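K.L.:
Got a predicted structure here, sequence first:
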Amino acid sequence: MNRRQALAGNGAVSKEELNHAKSQLTTAQNALSAAQAGVAAAREQLSSNQTLTEGTNVEGHPSVVAASAKVREAFLALHRAELPAPVDGYVAKRTVQLGQRVAAGAPLMAIIPLNQLWVDANFKEVQLRNIRIGQPVKLTADLYGKKMEYKGTVAGLGAGTGAAFSLLPAQNATGNWIKVVQRVPVRVALDAEQLAQNPLRVGLSMEATVDVTDQSGKSLADAPRTASATQTDVYTVLDQQASDEVRKVIAANLGRGAKTNAHAAAKTASGV
């Protein structure tokens, strides 16, 4: 540019050519400034990434964590297209049909685990004074008759009568009160081996006789259950499978990266 300006003073270079050279110089300076700004931004990004990833392994890298979440979500979405039953049992009521489209949360069927049934015995309020949790119970079902006697245990007593929680509870505000003996549900747990040999059905009628000799138990439970009556690990297993799939993908990519680095090193050595 300086040489062209000197030549332009002697008339050896036209003014138009000088202006064109100035324009090229300005464009080159702008490109240099943009490149320098890009280098500065890249250095800032590098510093930020080093701060985020300092002291972390590959699995803890933010990009890997985000990609792992997407893989996990896709894995669960694929496998949740199949709906495993949470319990082993028999289908008692089915509302879904073959080929029907279903939405999340829609009831499809009712599954009854016949090995985990219980009996709600409605005793009169005057009969509750001697009933305690843990007392043995003998039960007979109309399905098998008196010859088949089930063994059970009092698992708990209801905290209210059946009428108190009915859709239309009794109202005594008018003063015309007629005393009616109330009944309270008592839950009786059945023996699992007997249920396996002589299965019952939900809703059957049974007669229960409680042996009230032992009065050492409590009439009301003073502690919650340590575990629910029905448990399943179906969904826990699916989550574990998703985590295993994520680990496989990360391990496969780590192995591929090691092979690529080794190939690049071998290529460089051969070039030297």
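P.N.:
Thanks, I have the structure now. Being a predicted model, the structure only gives us computed values, none of them experimental.
K.L.:
For this protein, which residues score under the pLDDT cut-off?
P.N.:
1-18, 49-58, 170, 172-176, 224-231, 255-272 (pLDDT under 70).
K.L.:
What lies in contact with the longest strand seen in it?
P.N.:
Longest strand in the chain by number of residues (criterion: DSSP state E): strand 145-157. For strand 145-157, the external contacting residues (CB atoms under 8 Å, 6 or more residues apart in numbering) are 118-119, 128, 131-141, 184-191, 194, 198, 206, 208, 210, 217, 219-221. In short, each C-beta sits where N, CA and C put it, glycine included.
K.L.:
Distance check, Asn198 against Asn19.
P.N.:
106 Å (CB to CB, to the nearest Å).
K.L.:
same check, this time on Val237
P.N.:
76 Å.
K.L.:
Walking through the stretch 101-250 of the chain, point out its strands one by one.
P.N.:
Here the stretch 101-250 of the chain has its strands, by DSSP state E, counting those that start in this stretch, at 109-112, 118-124, 136-141, 145-157, 183-190, 206-210.
K.L.:
Check which residues of the second one are buried.
P.N.:
The reference is to strand 118-124. 119, 121, 123 (16 or more other CB atoms under 10 Å).
K.L.:
repeat for the longest one
P.N.:
When burial is assessed from 16+ other CB under 10 Å, strand 145-157 yields the following buried residues: 150, 152-157.
K.L.:
Also the shortest one?
P.N.:
For strand 109-112, burial by neighbour count (16+ other CB under 10 Å) applies to Ile111.
K.L.:
Need the residues that contact that strand.
P.N.:
85-87, 89-96, 202.
K.L.:
Quick check: strands, which of these are part of them?
P.N.:
Going by DSSP E, the strands hold 90-94 from the contacts of strand 109-112.
K.L.:
In JSON lines: those residues, plus distance to Val39 and neighbour count.
P.N.:
Formatted as JSON lines, the ones in strands among the contacts of strand 109-112 follow (distance: CB to CB, whole Å; neighbours: other CB atoms under 10 Å):
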{"residue": "Tyr90", "distance to Val39": "71", "neighbour count": "12"}
{"residue": "Val91", "distance to Val39": "68", "neighbour count": "11"}
{"residue": "Ala92", "distance to Val39": "71", "neighbour count": "13"}
{"residue": "Lys93", "distance to Val39": "69", "neighbour count": "10"}
{"residue": "Arg94", "distance to Val39": "67", "neighbour count": "11"}
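K.L.:
how about these in TSV, adding distance to Phe75?
P.N.:
Listed next are these as TSV, based on distance: CB to CB, whole Å:
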residue	distance to Phe75
Tyr90	31
Val91	28
Ala92	32
Lys93	32
Arg94	29
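K.L.:
Which one of the residues you listed is nearest to Gln100?
P.N.:
Arg94 (10.9 Å; CB to CB).
K.L.:
so that closest one makes contact with Pro107?
P.N.:
No: under the criterion of CB atoms under 8 Å, Arg94 makes no contact with Pro107, lying 9.9 Å away.
K.L.:
Pick the one among the buried residues of strand 145-157 closest to Asp244.
P.N.:
Of the buried residues of strand 145-157, the one sitting nearest to Asp244 (CB to CB) turns out to be Ala155, at 38.5 Å.
K.L.:
so how far is Val188 from the closest one?
P.N.:
Note on Ala155: its distance to Val188, by CB to CB, is 6 Å.
K.L.:
hey, what's in contact with both of the two?
P.N.:
In contact with both Ala155 and Val188: Trp118, using CB under 8 Å, 6+ apart.
K.L.:
Identify the residues contacting the most centrally placed residue in the chain.
P.N.:
Central residue of the chain (CA atoms, centre = their mean): Tyr235, 6.7 Å from the mean position. For Tyr235, the contact set (CB under 8 Å, 6+ apart) comprises Pro86.
K.L.:
Good, we can wrap up now.
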